[in-house]
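>>> Provided below are the primary sequence and the corresponding predicted coordinates.
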Amino acid sequence: MSGIDIQEAITAAHRDEWARVIASLTKRFGDLDIAEEAAAEAFATAVEKWPADGVPPNPGGWLTTTANRKAIDRLRRENKRDDKHKEALVLTDDDPPEPLGAIEDERLRLIFTCCHPALAMETRMALTLRMVGGLTVPEIARAFLVQETAMGQRITRAKAKIKAARIPYRVPAAEDLPARVSGVLAVLFLVFNEGYLATGADTDPVRHELTAEAIRLTRLIRALLPEDGEVAGLLALMLLTEARRTARISASGELITLGEQDRGAWDAALIAEGHRLVRERLAARVAPGRYQILAAINAVHTSARDVRDTDWSQIVALYDQLSRLDSSAIVVLNRAIAVAELDGPEVALADVDRLEDKLAGYHAYHAARADLLRRQGRSEEARAAYDKAIELAGNTAETAYLTRRRDQLR
Amino acid sequence: MQYLVSVIDDKVNPGSTDRQPAISEFNDRLIADGYWVFAGGLADTESATVIDNRGGQAVFSDGPFVESKEYLAGVWVWETPDLDVALKLAAEASKVCDRKIEVRPFG
């Protein structure tokens, strides 16, 4: 095997096996910190040994066994500093290794622990990317635009809280499962959005590493919970959004709105997969949740070969359905944007203006108003709304788009 | 695992004062299910005395050690297998007491 093949095998093992190794060690040693350190050491050992010894026939098994040994070494070292209760753990050394199939559920436990509601939302995101996604602390710090030391402390504190407060390492009871799954999906959706609508003056408008990781983790949850409609809905929503990623930003780094995108540049495979999932949920004939409705809205958009073929009445109907589950002002705003296509900008503007109390600090509210005013030829008011939107927008591509639109006003 | 469960009241916006029968009933259930270790309602913060004997002579001062809008109105100690069990009970406790609850593990 060439050096490049070995490198690829290590990358693939990291992608496929990291969460399994962490999950299996956490189960065995009851400690995320030990699991994380031992897993990192096992991968470092693979980098050292595989080029000379070759890739083992079962990389996952090799990594788990190696990580187990590293963890036991650490516990023995700590035992010498006379920590009595750790001794019991070392005695379990002779246990037969668990069959790999049974470990599937372990990853699910790991996800639920990392997304536990007793942890702060930003901590859940960071911990999930580290423990389940296998991203390094510097990678996560870069993704969230915080200092590496601060991110390291956030993760360390989270592990300490899990241990001290005894946050359990298990899949929640059936009656708690819907709420807890919805908590996990919220974490993944935030990670996706942080990638898709990256904020920060000096950052790329889209951080693909985050959108890709969110999709990968949502696929994993889907494999583990195939019957859950909202999991399928969130995956479809992400795929249909990701499919438009490259068409959404111009060569000069400016946002291109849905209506102006080159639909031929959309990723047909991702759209087909997203549509399949939406159809699967429609066929299930179970009342859809929020993500499934958002996915359906995106399916309608991506079904139109030309923006003029968009079935806007269907989209407004889906937003009506969504507003019965989620009465937030943002849903009303997005519905109004669709209403503008159906009933004209005057009707839509009346809906949007009613949201001022709730959304005055949100750039998309001002951007929507600016667009609706512009379409009615009310340039002065449109200019003021663009100014406000530019002031509040955090995404560089959006700022560039809004600025051009404003400067084109007559 | 033992947790200190604090009942937090608010001076400006206090919880309702008619909760005692419901709290007693909840306590009976905690005892029956084996979670109850200790419980106690606290007297007003104004009744507190602070003692500082770090400097060679004990100094007594009147009142709570920190003045705040929110204050500790009572405590439980619960013994539960893990945080999830404690959080579930705490969600009930908050409703029963009509007050916020903090759950904190003993170290």
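Arrived safely.
>>> when you work out contacts or count neighbours from here on, use the C-alpha atoms and nothing else.
Fine.
>>> now do the same for the most centrally placed residue in chain B: helix, strand or coil?
Computing the C-alpha centroid of chain B and ranking residues by C-alpha atoms, centre = their mean puts residue B:75 first, at 2.4 Å. Following DSSP: H, G, I helix; E, B strand; the rest coil, we place residue B:75 in the strand state.
>>> ok, the closest residue to it other than its chain neighbours - contacts?
In this structure, residue B:75 finds its nearest non-sequential neighbour in residue B:6, 4.6 Å apart by C-alpha to C-alpha, 6 or more residues apart in numbering or on different chains. For residue B:6, the contact set (C-alpha atoms under 8 Å, 6 or more residues apart in numbering or on different chains) comprises B:72, B:73, B:74, B:75, B:76, B:101, B:102, B:103.
>>> can you list the strands that the one helix or strand residue B:6 maps to pairs with?
Using DSSP states H and E, residue B:6 falls within strand B:2-10. Strand B:2-10 has these partner strands in its sheet, going by DSSP bridges: strand B:70-79 (antiparallel), strand B:100-105 (antiparallel).
>>> for that strand, buried residues please.
By 16 or more other C-alpha atoms under 10 Å in any protein chain shown, the buried positions in strand B:2-10 come out as B:2, B:3, B:4, B:5, B:6, B:7, B:8, B:9.
>>> for stretch A:348-365, what is the average pLDDT?
Computed over stretch A:348-365, the mean pLDDT rounds to 95.
>>> next SSE after the longest helix anywhere in chain A?
As assigned by DSSP state H, the longest helix anywhere in chain A is helix A:3-29. Downstream of helix A:3-29, the next assigned helix or strand under DSSP H and E is helix A:32-53.
>>> contacts made by that following helix with the rest, please.
The contact list for helix A:32-53 (C-alpha under 8 Å, 6+ apart) reads A:3, A:6, A:10, A:14, A:18, A:21-23, A:25-26, A:29, A:56, A:63-64, A:66-68, A:70-71, A:131, A:159.
>>> ok, residue A:249 - contacts?
Contacts of residue A:249 by C-alpha under 8 Å, 6+ apart are A:255, A:256, A:397.
>>> anything in the biggest helix by length in chain B near chain A?
Using DSSP H, we find that the single longest helix of chain B is helix B:83-97. Yes - residues of helix B:83-97 contacting chain A under C-alpha under 8 Å from any C-alpha of the partner chain: B:83, B:84.
>>> pull the residues that contact that helix.
Here helix B:83-97 has contacts from A:165-168, B:3, B:5, B:7, B:15, B:19-20, B:22-23, B:26, B:78, B:80, B:100-103, using C-alpha under 8 Å, 6+ apart.
>>> now that helix: buried residues?
Across helix B:83-97, burial judged by 16+ other C-alpha under 10 Å covers B:83, B:84, B:86, B:87, B:89, B:90, B:93, B:96, B:97.
>>> roughly how far does residue A:320 sit from chain B?
33 Å (C-alpha to the nearest C-alpha, to the nearest Å).
>>> lowest mean pLDDT among the helices and strands, pick that one out for chain A.
In chain A, no helix or strand scores lower on mean pLDDT, DSSP states H and E than helix A:84-90, which sits at a mean of 50.
>>> C-terminal to that helix, what's the next element?
Next along the chain after helix A:84-90, taking DSSP H and E as the criterion, comes helix A:104-114.
>>> export the strands paired with strand B:2-10 to TSV and tack on mean pLDDT?
Shown next, in TSV, are those (pLDDT from 0 to 100):
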stretch	mean pLDDT
strand B:70-79	96
strand B:100-105	98
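>>> so which of these gets nearest residue A:146?
strand B:100-105 (28.3 Å; C-alpha to C-alpha).
>>> from the chain's centroid, how far away is the closest one?
Relative to the centre of its chain, strand B:100-105 is centred 8 Å away, using C-alpha atoms, centre = their mean, to the nearest Å.
>>> filter the contacts of residue B:6 to the buried ones?
Buried among the contacts of residue B:6 by 16+ other C-alpha under 10 Å: B:72, B:73, B:74, B:75, B:76, B:101, B:103.
>>> tell me the pLDDT at the residue nearest to the third one when sequence neighbours are not counted?
Nearest residue to residue B:74, sequence neighbours excluded (C-alpha to C-alpha, 6+ apart): residue B:41, at 4.1 Å. At residue B:41 the predicted local distance difference test score is 93.
>>> okay, the buried residues of helix B:83-97 in TSV with pLDDT next?
What follows is the buried residues of helix B:83-97, written out as TSV (pLDDT from 0 to 100):
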residue	pLDDT
B:83	96
B:84	95
B:86	97
B:87	96
B:89	97
B:90	98
B:93	97
B:96	96
B:97	96
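>>> got the domain boundaries for chain A?
Using automatic domain parsing, the domain parsing of chain A gives A:3-98, A:102-225.
>>> buried ones in stretch A:6-13?
Of all the residues in stretch A:6-13, those buried under the rule 16+ other C-alpha under 10 Å are A:6, A:9, A:10, A:13.
>>> what sits against the first one?
Think residue A:6. Counting by C-alpha under 8 Å, 6+ apart, residue A:6 has contacts A:50, A:51, A:54, A:55.
>>> among the contacts of residue A:249, who's most crowded?
Using other C-alpha atoms under 10 Å in any protein chain shown as the neighbour criterion, residue A:397 leads the contacts of residue A:249 with 25 neighbours.
>>> now do the SS call for that one.
When classified by three-state DSSP, residue A:397 comes out as helix.
>>> thinking again about what came up before, of the buried residues of helix B:83-97, closest to chain A?
residue B:83 (5.1 Å; C-alpha to the nearest C-alpha).
>>> quick check: the closest one vs residue A:36, distance?
Remark: distance between residue B:83 and residue A:36 (C-alpha to C-alpha, to the nearest Å) = 22 Å.
>>> so how do I select the buried members of the contacts of helix A:32-53 in PyMOL?
To isolate the buried members of these in PyMOL, using 16+ other C-alpha under 10 Å:
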select buried, chain A and resi 6+10+14+18+21+22+23+25+26+29+63+64+66+67+68+70+71+131+159
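>>> any idea of the pLDDT on residue 51?
The chain I'm using is chain A. On the pLDDT scale, residue A:51 gets 93.
>>> oops, I was thinking of chain B
We note a pLDDT of 94 for residue B:51 in this prediction.
>>> what about residue 47, how many residues nearby?
Answering for chain A, as no chain was given. By other C-alpha under 10 Å, 16 other residues sit near residue A:47.
>>> meant chain B, my bad for not saying
Using other C-alpha under 10 Å, residue B:47 is surrounded by 10 other residues.
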